[in-house]
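> Got a sequence here, can you build the structure:
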Amino acid sequence: MDKSSLSPVIVAGLFTVVGVVIGGSLTYQFGDKLETNKQRLQTQLSAYADLAKGQAGWQRALAIPGDDPNKNTAIEDANLKIRDAAFRIVVFSPSAVVSALAAFVRETHHEECTATKADLHVYRTMRAQVLPNDHVTDQDIAMALFGCELK
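Take a look at the predicted model:
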């Protein structure tokens, strides 16, 4: 074979290698992002379901007669489920959901917060890693997580 007949083969081989490298890196990059989004959606849906279960448990607990010793335990269990779900919602859910949760909590809580800016910064930093371009106000974070208004 002469040099002129090898040249197209080499060029075709180089294009094949470059195509495989580019295709593989794009698949890795987009596949990783899709998997991250899928996991975040699963976390969101789980938090939403747990919030609803906690709210239902809280309503059931309030219906227990006042002298029943199980009432306080049932209320505490429901509140724990609600707080756990609220944490996952604040960290992993879009700002519209966090704002809606804060508005819901605001209807029943009217106390002043002891949470500091440093407390809220922790949750904003967590959110920034999960949802970098989705801002939530400190007031909504405080209300959704701690059930209180900032000073």
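> CA atoms for contacts and neighbours, from now on please.
Will do.
> May I have stretch 60-75 as CSV, with CA atoms only?
Once non-C-alpha atoms are left out, stretch 60-75 reads as follows in CSV (Å, rounded to 0.1, in the frame of the first residue of the first chain):
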residue,chain,number,x,y,z
ARG,A,60,-55.7,11.7,64.2
ALA,A,61,-53.7,12.5,67.4
LEU,A,62,-55.7,15.6,68.0
ALA,A,63,-58.9,13.5,67.9
ILE,A,64,-57.7,11.3,70.7
PRO,A,65,-59.4,12.1,74.0
GLY,A,66,-57.4,14.4,76.2
ASP,A,67,-57.0,11.9,79.0
ASP,A,68,-55.7,9.2,76.8
PRO,A,69,-51.9,8.6,77.6
ASN,A,70,-51.2,7.9,74.0
LYS,A,71,-52.2,11.3,72.8
ASN,A,72,-49.0,13.1,73.6
THR,A,73,-46.9,10.3,72.1
ALA,A,74,-49.0,10.4,68.9
ILE,A,75,-48.7,14.2,68.6
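> Enumerate the positions of it that are buried.
Taking 16 or more other C-alpha atoms under 10 Å as the neighbour-count basis, stretch 60-75 is seen to contain the buried residues 61, 71, 74-75.
> And for stretch 98-110?
Of the residues in stretch 98-110, those buried under the neighbour-count criterion (16+ other C-alpha under 10 Å) are 98-99, 101-102, 105-106.
> Filter the buried residues of stretch 60-75 down to just the ones in helices.
61, 71, 74-75 (DSSP state H).
> now those as TSV including pLDDT and distance to Gln139?
Shown next, in TSV, are these (pLDDT from 0 to 100; distance: C-alpha to C-alpha, whole Å):
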residue	pLDDT	distance to Gln139
Ala61	90	29
Lys71	90	31
Ala74	92	29
Ile75	90	26
